[in-house]
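Q: got a predicted structure plus its sequence, pasted below:
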Amino acid sequence: MARLHVVTGKGGTGKTTVAAAMALALAEQGKRILLVEVEGRQGLAQLFDVPPLPYVERRIAHGPAGGEVFALAVDAEAALLEYLDMYYHLGRAGKALEKVGAIDFVTTIAPGLRDVLLTGKVYEATRRKVHGKLAYDAVVVDAPPTGRIAPFLNVNTEVAGLAKVGPIRNQADAIMGMLRSDITRIHLVTLLEEMPVQETLDAVGQLEALDLRIGSIVVNMVRNSPLDDDALALAVKEKLPAAELTRGLKAAGLTIGDDLVQTLASEAHDHAIRVGLERENRDRIDALGKQVTELTLQPDGIDQGTLIDLAEEFRA
């Protein structure tokens, strides 16, 4: 059973919101879920309306089914200090390196090392045990966007030019083993629009080429049409009967005029075109043969209440 859920998606698709809702959905009675962000944007703190997250795991919410959600903002510099202390026992010497800027310098000139440190912390949290029991029942990662997810997860290649042997190489191999195992699934968030869908298709191919397992495609911000298929077909051809539009406007208590009827017909035409394009993009997603999860559009924005609603959609 999967315990590590990596959530990615093109910018603007709502991947951070989806990651948060997924963590809440997994937080069943008695379970502890860790929600991790790795990009330094503090998006989770904003979503849950809490102070900026430190490099310390803290509880930020309870799931609708009674479990607990903890959050962690992984910082590459702090992770490197932790790594140096763990493997080389530098302790205070590591702090001195931080003061002179050496830590930031190292992670800047070796971006592959930065990704190993970020994924390494996820690896440690996923495997950690307390009193012989896993510290967390599941870990959800708000990962980098689809354009960067493959190199971010392909830590073996990222460190090939840095280390052939030694602790860094060993850790990269261990991380890659976990990412390719049965406990890890990668979920891709998309909208029913051309560019997000294309990036999703590209990312699926890249990830599967690395032997990484796809969990689901999450179609976010889904809008259901109020028109049936017959009405949509008429609207596309701009042949919706004016008499029916007039009756609808009267039923809504609106003052009727030819301009209003024409405006409504034009909006129906545009709506029908959009629905057709969305259906074409959904067909492209379905052709992947992956599990697809739909989350409805939240027109009033995202707050803790709507996060719970989205979590319930996941649970359903």
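A: Great, that's in hand. What you are looking at is a predicted structure, and each value in this text was computed from that prediction instead of being measured. Residues are numbered from 1 along each chain as shown.
Q: what about the helices in the stretch 201-316 of the chain?
A: Counting by DSSP state H, counting those that start in this stretch, one finds helices in the stretch 201-316 of the chain at the ranges 229-236, 242-251, 258-286, 304-315.
Q: now the third one against helix 229-236, angle please.
A: Using axes from the mean of the first three to the mean of the last three Cα atoms, to 10 degrees, the interaxial angle of helix 258-286 with respect to helix 229-236 works out to 120 degrees.
Q: what's the answer for the last one, then?
A: Orientation note: helix 304-315 sits at an angle of 120 degrees relative to helix 229-236 (the same axes, to 10 degrees).
Q: please apply the same query to the second one.
A: Per the same axes, to 10 degrees, the angle that helix 242-251 makes with helix 229-236 is 110 degrees.
Q: in helix 242-251, what counts as buried?
A: Residues L245, T246, L249 are the ones in helix 242-251 that count as buried (16 or more other Cβ atoms under 10 Å). For every residue, glycine as well, the C-beta is placed using N, CA and C.
Q: same deal with the third one?
A: Along helix 258-286, the positions that meet the burial threshold by neighbour count (16+ other Cβ under 10 Å) are V261, L264, A265, A268, H269, H271, A272, V275, E278, N281, R282, I285.
Q: the second one contacts L249, correct?
A: This points to L264. Yes - with contact defined as Cβ atoms under 8 Å, L264 and L249 form a contacting pair (7.0 Å).
Q: tell me the one of the buried residues of helix 242-251 nearest G11?
A: Relative to G11, the closest of the buried residues of helix 242-251 is L245; by Cβ to Cβ it sits at 38.5 Å.
Q: any idea of the pLDDT on that closest one?
A: pLDDT, L245: 81.
Q: do the same with G30
A: 87.
Q: quick check: phi and psi at it.
A: Main-chain dihedrals, G30, degrees, to the nearest 10: phi 80, psi 0.
Q: and it, how many neighbours?
A: Applying other Cβ atoms under 10 Å, we find 10 residues neighbouring G30.
Q: looks like it contacts H62 (just checking).
A: No - contact criterion Cβ under 8 Å: G30 and H62 do not qualify, at 11.5 Å.
Q: list the buried ones in stretch 226-243?
A: A231, L232, L234, A235, V236, L240.
Q: closest to Y55 out of these?
A: Distances from Y55 to those, taken by Cβ to Cβ, are shortest for L232, at 51.1 Å.
Q: gap between the closest residue to that closest one other than its chain neighbours and R247?
A: Excluding its sequence neighbours, the residue lying closest to L232 (Cβ to Cβ, 6 or more residues apart in numbering) is A272, at 4.5 Å. Distance, A272 to R247, using Cβ to Cβ, to the nearest Å: 19 Å.
Q: pretty sure V275 contacts S225?
A: Yes - V275 lies in contact with S225 (Cβ under 8 Å); the separation is 5.1 Å.
Q: any common contacting residues for those two?
A: L232 (Cβ atoms under 8 Å, 6 or more residues apart in numbering).
Q: so which of the helices of the stretch 201-316 of the chain gets nearest F48?
A: Nearest to F48 among these is helix 304-315; the distance by Cβ to Cβ comes to 6.6 Å.
Q: ok, residues contacting the closest one?
A: 17-18, 20-22, 24-25, 47-49, 61, 63-65, 293-296, 298, 300.
Q: and R185, what is it in contact with?
A: A2, L4, H5, V6, R213, I214, G215, S216.
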